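In: Quick one: sequence plus predicted model below, questions after.
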Amino acid sequence: MVDKSWLIKLVQNPFLISSLKFEEIYPILFRACEIFKEENFIIELNPNSSEDFGYVIGDIHGNLHSINYFTKLIQENNPKFVVFLGDIVDRGPYQLECLVVVLALKILFPRKVYLLRGNHETIETNQDYGFYKLFLTKYHQSSKFGSILMVYEVLPLCCIINNKILCVHGGIPSDFNAITELKNRKTANHTNLTQNLRDSMFQMMWNDPKEEIQGFSKSFRGEGISFFGEDVFIDFMEKNNLRYLIRSHECFSEGYRWFFNKRLLSIFSSNNYQGALNPNPASHAVIRGKEIIPKNVKIL
């Protein structure tokens with residue numbers, strides 16, 4: 001067991017995480033992994049009351065100012081649920097600190113806080129964008145990174161809120177049956193997935209919406225990744241009896257951005273992600289019933 005008072009201390013004082021030894025980090029990773037193993041690839045949240053509300057939070061990317069803002073928001077307002085859309089690490093200066101804070105929140109509030117898998121919750125992306133090197137510099141042994149990977153492997157992929165709002169890191173897959181096939185599957189059984197389902201999961205972590213196209217088209221992001229237009233988006237949503245989609249994965253200077261007649265909301269929760277010369281507010285979404293309220297915040 002991980003001492004909960006210690007976790008609260010780390011959440012409230014995340015700079016303490018910087019000085020922790022691997023032996024102090026590992027129990028947090030292990031306990032979080034055990035909790036994720038009990039969850040399904042698709043989290044289904046159906047609050048009992050129409051007055052219940054929750055937060056959906058996008059990319060953090062090692063931005064400690066952003067994660068501190070959102071942890072305080074959670075503590076002050078006590079939402080019914082909080083969904084992080086992934087991409088907690090890479091690029092920013094406090095990647096490990098942000099990851100440990102989110103995992104600590106998960107351990108403290110396992111039925112309130114949920115973390116989905118983004119495209120940066122993979123070793124390949126971590127090797128390209130910084131987290132792997134940062135971890136290796138700090139803890140010296142590449143084998144220790146396996147404890148990070150064991151968490152990644154059992155992260156849920158998406159979340160459906162009030163039966164109508166799909167939350168996912170990237171976008172829709174080309175196989176519209178993926179949601180049905182993933183429902184009620186435990187993340188602990190990730191080794192039993194078909195290649196087709198793995199491909200769909202990859203697309204849901206990487207794909208992007210695009211207003212001016214039809215169907216799916218090849219993305220600049222790489223092999224197996226696509227842009228998707230409004231026509232296939234509508235078809236996918238109707239097939240799965242969904243109304244809205246909330247995703248992250250892209251940073252916009254205006255903060256959040258609506259697509260497809262306000263049925264797809266893109267948020268990004270790391271402020272000033274590209275630096276002071278190209279600033280962006282941190283955005284998140286408030287969910288109340290089937291209503292989605294996007295919000296921008298400027299974090300100092």
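Out: Alright, I've got the coordinates.
In: And the strands in this structure?
Out: Shown for the chain, the strands assigned by DSSP state E span residues 42-45, 53-57, 81-84, 113-115, 158-161, 165-168, 208-209, 216-218, 226-228, 244-247, 257-259, 264-266, 282-288, 291-297.
In: Columns mean pLDDT and mean neighbour count on top of the ones you listed, output as CSV?
Out: For glycine as for every other residue, the C-beta is placed from the backbone atoms N, C-alpha and C. Below are the strands of the chain laid out as CSV (pLDDT from 0 to 100; neighbours: other C-beta atoms under 10 Å):
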stretch, mean pLDDT, mean neighbour count
strand 42-45, 97, 18
strand 53-57, 97, 24
strand 81-84, 98, 24
strand 113-115, 98, 24
strand 158-161, 98, 24
strand 165-168, 98, 26
strand 208-209, 98, 21
strand 216-218, 97, 14
strand 226-228, 98, 23
strand 244-247, 98, 25
strand 257-259, 98, 16
strand 264-266, 98, 23
strand 282-288, 97, 23
strand 291-297, 97, 15
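In: who touches the closest residue to G54 other than its chain neighbours in this structure?
Out: Spatially, and ignoring its direct neighbours in sequence, G54 is nearest to F81 (3.8 Å; C-beta to C-beta, 6 or more residues apart in numbering). With contact set as C-beta atoms under 8 Å, 6 or more residues apart in numbering, F81 has these partners: 45, 47, 54-55, 112-114, 161.
In: so for stretch 169-177, what's the average pLDDT?
Out: Mean pLDDT, stretch 169-177: 98.
In: shaky segments in the stretch 101-250 of the chain?
Out: Nowhere does the stretch 101-250 of the chain drop to pLDDT under 70.
In: hey, where'd the helices end up in it?
Out: For the stretch 101-250 of the chain, applying DSSP state H, counting those that start in this stretch gives helices covering 123-129, 131-139, 146-152, 178-182, 195-206, 230-239.
In: and of the ones you listed, who's closest to S219?
Out: Proximity to S219, assessed across these by C-beta to C-beta, is greatest for helix 195-206 (7.6 Å).
In: chain center to the closest one, what's the gap?
Out: 15 Å (C-alpha atoms, centre = their mean, to the nearest Å).
In: picking that back up, quick one, which of the helices of the stretch 101-250 of the chain gets closest to A188.
Out: Nearest of these (C-beta to C-beta): helix 146-152, 11.0 Å.
In: name the helices or strands packed onto the closest one?
Out: helix 22-37, helix 123-129 (3 or more C-beta pairs under 8 Å, 6 or more residues apart in numbering; DSSP states H and E).
In: List the buried residues in the longest one.
Out: Burial within helix 22-37, assessed by neighbour count using 16 or more other C-beta atoms under 10 Å, is assigned to 25, 28-29, 31-33, 35-36.
In: returning to that earlier point: with distance to N296 added, can I get the helices and strands packed on helix 146-152 in CSV?
Out: As requested, those are arranged in CSV below (distance: least, C-beta to C-beta, whole Å):
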stretch, distance to N296
helix 22-37, 30
helix 123-129, 25
